[in-house]
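>>> Build me a model:
(2 chains)
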Amino acid sequence: MNTRLLLFALAVFAAAPATDAATTILRGPYLQSATPTSLVIRWRTDTTEASVVSYGLERNALTSNTKAEGITAEHVVQLTNLKPGTRYHYTVGPVAVPPPTPATEKKSAAADAPPKNGVFSFVTPPVVGPAKPTRIWVLGDPGTKGKTQEAVRDVYYTFTGKKETDLWLMLGDNAYPDGTDADYQKAVFEMYPQTLRTAPLWPALGNHDAKSANSITQSGVYYDIFTLPTRAQAGGVMSGTEAYYSFDYANIHFICLDSHDSDRSAGGAMMQWLKADLAATQRDWIVAYFHHPTYTKGTHDSDKDSDSAGRMNDMRAIFLPVLEAGGVDLILTGHSHVYERSWLLDGHYGKSDTFAAAQHVKQTQDGRADGTGVYKKRRGRIPNAGEISVVTGSAGHAGSATKPPPLNHPAFFISLNEPGSFVIDVDGLKLDAVFLNDKGAKRDWFTIVKE
Amino acid sequence: MPRRAIFTLCCTLLGAASASAHPEIEAALGRLNARIAAAPTEAGAYIERGELYTRHEEWTAAEANFLVAAELAPAHPRLDRARGALALARGEPASARQMLDRAVAVSPTDHEARVLRARAAAALGDTAAAARDLAVVLDALPSPPPELILFHVGLLPPAAALVQLEAMMARVGPALVLQLRALEFEEATGRVDAALHRLGTLATQSERPETWIRRRGDLLSRHGRAAEARLAYAAALAAALALPDWLRTSPDTRQFIAELRPLVNPST
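All right, here's what the predicted structure looks like:
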């Protein structure tokens, strides 16, 4: 081996995930529970070993190390005392990366893109409150493990290009058919490795995930895989459970509800928490997300009491009034494998035959700058100022083409039986959203501006 | 398999199939049907199919599947829990309790079975038995959710409930719904100063302290401490007026301020 090759090998060794030669990373790394000053990094190895994250502000100088206690194959390391809105480079392994030498510094600075040598990066969320341009990727019912899921993913990757995803939401049914560990491995960890290691994922529980998880005992695959804030670590009010939680990102407050497994009664713990959480936030935007839609005429029918054991009814009749009174701007759901986007609505809590546009549509425009106009809302906590309900449950598959769903709920401005994902860009007091289908077409878009 | 059970199952499955039009149920049902066709004596598949029907409130079809599972493997560890859950969902707590007794006897660490048995016992008015089961589960779970904790303390007398709440909050953290329930118990047991202290802590931890400070005022007012109540209302008003313009001028904050002014100055 000549000197150049030797130096190159040393550089790669220094920058590679610091795992033993015999150890393989089976899953991750993936990012969880991000706050402006902390972040959880998780990964799985095929053998048990120590858990160390080496990180730093420069890719070739991973000078900080955090080690979790114990020897395990399921590695969970929490980084703390991070700087808000700052890019960190990191690698994971059983031992700390050795300090850089002049030779490794020179070589690793010239090396290829980070994923090739196991050094990745993330940007911590900014300080909570002030606005910061934010890109959010939303996937509803993605986990089919098939070509459609891949196509939807690839369209988004092409769409976003070099613009980074700040965070991503999964609206439940993240891994079909049963939400098992093997389902998650294929449908999530092998499907989105690059996004998992660069952007924090904030999931919701769907009915298929709940086949292998139990909210009341906080056990099972979903609860084992994800680390979610139970103590309001990322903002909001402390829920005490990973089943439902909230977090802040810049000037946005996100609320995740458990529409499947937790008590959905008006006097239940989730409702009490939601009311307090909504009352406490000072963010400009409030985005709520959960699995079961309040309205749909897709592959589910929100008019049928028996459909999904009444969960859609509960979310519409019990939770929607509280969300609207709390000033929620956007409600994201899945479950129905279609795309449906409402008008700017308020006060429609009954079946579709009780919908009255004159009563329930707050603004009649289409929400488009190139159409009949964007939605305009006043800044501040304005109860019942109108929300947009989006059912985006087709990131893994759409409804049958041969027996298409009716898609005729009058609350929706647009209804599509197409696979796709939903992208939100928040820039200060402006929120732009777009639905991208699996062919790369922008099939819906709208804007809300706060004044 | 006895003919009668097969006949019952076939009849009810036909009925259920027409009732369950949703494709996802049909897909899951299809997978289970295929599994059963390949291994018709596998009791676990019948139990799963019964549980699927239970989740979708197809009681008769669920029961028929459990019946077949019982014929095939009467001692299957999941069978009694599944049948207990079905009986509970159907509003038959006494029957549920019997099955869940057996389920817990077979698997004492089956937390779901214990929670179900606690629900059955509570429905039958046996709060002591329900509380015992929940105490076992709460001790065993690394991070019990608020729902379970609230269920448990709801079965206890207020003083004991308060002790239990404090113990659980020390373990899992002061989740808001637990604090709200603690406030109720504190007031019910005459521990007003403890409740005031708790409200003060909540106010200092909140981005919107004004609502908690107002609750202090309301509590003081309810207990005849009018002067202190006025001070609390004044502090709540000051906190609301200190909000940024865009929040202070929002309709709910304007209403909040309008409600507070006469409480601060009753003569006006």
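>>> going forward, measure contacts and count neighbours with C-alpha atoms only.
OK.
>>> At which residues are the helices of the stretch 1-150 of chain A located?
A:3-15, A:102-109, A:114-117, A:147-160 (DSSP state H, counting those that start in this stretch).
>>> Model confidence score at the residue in the stretch 1-150 of chain A positioned nearest to chain B, please.
Residue nearest to chain B within the stretch 1-150 of chain A: A:Gly129 (11.1 Å; Cα to the nearest Cα). pLDDT, A:Gly129: 94.
>>> swap in A:Ile71?
96.
>>> And B:Glu57, by the same measure?
80.
>>> can you check A:Ser400 too?
87.
>>> ok, it to A:Val390 distance?
A:Ser400 sits 20 Å away from A:Val390, going by Cα to Cα, to the nearest Å.
>>> more neighbours, those two?
Taking other Cα atoms under 10 Å in any protein chain shown, A:Ser400 and A:Val390 do not tie; A:Val390 has more neighbours (26 against 14).
>>> for chain A, what are the nearby residues on chain B?
B:22-23, B:55-57, B:111-112, B:141, B:143-148, B:172-177, B:206-208, B:246-247, B:249-252 (Cα under 8 Å from any Cα of the partner chain).
>>> Okay, now the unreliable bits of the chain?
Since no chain was named, I'll use chain A. Counting by pLDDT under 70, the ranges of chain A that qualify are A:1-22, A:100-117.
>>> I was after chain B.
B:1-24, B:268.
>>> for chain B, what are the nearby residues on chain A?
Proximity of chain A to chain B, by Cα under 8 Å from any Cα, involves residues A:215-218, A:231, A:237-241, A:262-263, A:268-269, A:272-273, A:276, A:279-282, A:299-300, A:306-309, A:379-383.
>>> out of those, which are buried?
Neighbour-count burial (16 or more other Cα atoms under 10 Å in any protein chain shown) is assigned, among the residues of chain A next to chain B, to A:215-218, A:231, A:237-241, A:262-263, A:269, A:272-273, A:276, A:279-282, A:299-300, A:306-308, A:379-383.
>>> Just to be sure, which of those residues are found in helices?
Counting by DSSP state H, these place A:Ala269, A:Gln272, A:Trp273, A:Ala276, A:Ala279, A:Ala280 in helices.
>>> Could you break chain A into its assigned domains?
Taking automatic domain parsing as the domain assignment, the ranges for chain A are A:3-123, A:134-450.
>>> Out of those domains, which is the most enclosed?
Among the domains of chain A, domain A:134-450 has the highest mean neighbour count (mean count of other Cα atoms under 10 Å in any protein chain shown), at a mean of 21.
>>> what's the span of that one, first residue to last?
16 Å.
>>> again with stretch A:264-275
Length of stretch A:264-275, first residue to last, Cα to Cα: 13 Å.
>>> likewise stretch B:218-228?
Counting by Cα to Cα, you get 10 Å between the two ends of stretch B:218-228.
>>> Please enumerate the strands of the stretch 101-250 of chain A.
A:120-123, A:134-139, A:167-170, A:201-203, A:213-214, A:219-220, A:245-249 (DSSP state E, counting those that start in this stretch).
>>> Now for the residue in the stretch 1-150 of chain B that chain A sits nearest to: which residues touch it?
Closest approach of the stretch 1-150 of chain B to chain A (Cα to the nearest Cα) occurs at B:Pro145, with a separation of 5.2 Å. Contacts for B:Pro145 (Cα atoms under 8 Å, 6 or more residues apart in numbering or on different chains) come out as A:Ser215, A:Ile216, A:Thr217, A:Gln218, A:Gly240, A:Thr241.
>>> go with 7 Å
Neighbouring residues of B:Pro145 by Cα atoms under 7 Å, 6 or more residues apart in numbering or on different chains: A:Ile216, A:Thr217, A:Gln218, A:Gly240, A:Thr241.
>>> so who does the spatially most central residue of chain A touch?
In chain A, the residue lying closest to the centroid (Cα atoms, centre = their mean) is A:Leu169, at 1.4 Å. Neighbouring residues of A:Leu169 by Cα under 7 Å, 6+ apart: A:Trp137, A:Val138, A:Leu139, A:Leu201, A:Trp202, A:Pro203.
>>> ok, now B:Ala131?
B:His152, B:Leu155.
>>> next SSE after the helix or strand harbouring it?
When elements are assigned from DSSP states H and E, B:Ala131 belongs to helix B:127-140. Toward the C-terminus, helix B:127-140 is succeeded by helix B:146-153 as the next helix or strand (DSSP H and E).
>>> what about the strands in the stretch 351-451 of chain A?
Applying DSSP E, counting those that start in this stretch to the stretch 351-451 of chain A gives strands spanning A:361-363, A:375-377, A:387-392, A:412-416, A:420-427, A:430-437, A:442-450.
>>> Any figure for the gap between A:Glu451 and A:Gly93?
In this view, A:Glu451 and A:Gly93 are 48 Å apart by Cα to Cα.
>>> ditto for B:Ala122
In terms of Cα to Cα, B:Ala122 sits 50 Å off from A:Gly93.
>>> gap between stretch A:361-370 and the chain center?
26 Å (Cα atoms, centre = their mean, to the nearest Å).
>>> With stretch B:75-91 instead?
For stretch B:75-91, the distance to the chain centre is 19 Å (Cα atoms, centre = their mean).
>>> does B:Ala159 belong to a helix or a strand, and which?
If you go by DSSP H and E, B:Ala159 is part of helix B:158-172.
>>> Give me the helices and strands touching the helix or strand just after that helix, please.
Toward the C-terminus, helix B:158-172 is succeeded by helix B:176-188 as the next helix or strand (DSSP H and E). Packing contacts for helix B:176-188, counted by 3 or more Cα pairs under 7 Å, 6 or more residues apart in numbering or on different chains; DSSP states H and E, involve helix A:269-280, helix B:158-172, helix B:192-205.
>>> Let's have the strands of the stretch 351-451 of chain A in JSON lines, adding distance to B:Glu48.
Putting these into JSON lines (distance: least, Cα to Cα, whole Å) gives the following:
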{"stretch": "strand A:361-363", "distance to B:Glu48": "44"}
{"stretch": "strand A:375-377", "distance to B:Glu48": "48"}
{"stretch": "strand A:387-392", "distance to B:Glu48": "29"}
{"stretch": "strand A:412-416", "distance to B:Glu48": "34"}
{"stretch": "strand A:420-427", "distance to B:Glu48": "32"}
{"stretch": "strand A:430-437", "distance to B:Glu48": "35"}
{"stretch": "strand A:442-450", "distance to B:Glu48": "40"}
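>>> Between those strands, which one is closest to B:Glu92.
B:Glu92 sits nearest to strand A:387-392 of all the strands of the stretch 351-451 of chain A, at 37.0 Å, using Cα to Cα.
>>> Export only the CA atoms of that closest one, formatted as CSV.
What follows is strand A:387-392, C-alpha atoms only, in CSV (Å, rounded to 0.1, in the frame of the first residue of the first chain):
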residue,chain,number,x,y,z
GLU,A,387,-58.8,25.9,9.8
ILE,A,388,-57.8,23.9,6.8
SER,A,389,-58.4,20.1,7.2
VAL,A,390,-56.1,18.0,5.0
VAL,A,391,-56.5,14.3,4.6
THR,A,392,-53.2,13.1,3.2
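>>> Give me the sheet partners of that strand and which way each runs.
As defined by DSSP bridges, the strand partners of strand A:387-392 come to strand A:330-333 (parallel), strand A:339-345 (antiparallel).
>>> Could you export these as a markdown table, including distance to A:His75?
Shown next, in a markdown table, are those (distance: least, Cα to Cα, whole Å):
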| stretch | distance to A:His75 |
| --- | --- |
| strand A:330-333 | 31 |
| strand A:339-345 | 36 |
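>>> What residues does the residue sitting nearest the centre point of chain B make contact with?
What sits nearest the mean C-alpha location of chain B, by Cα atoms, centre = their mean, is B:Glu147, with 3.6 Å. Taking Cα under 7 Å, 6+ apart, we find B:Glu147 in contact with A:Ala269.
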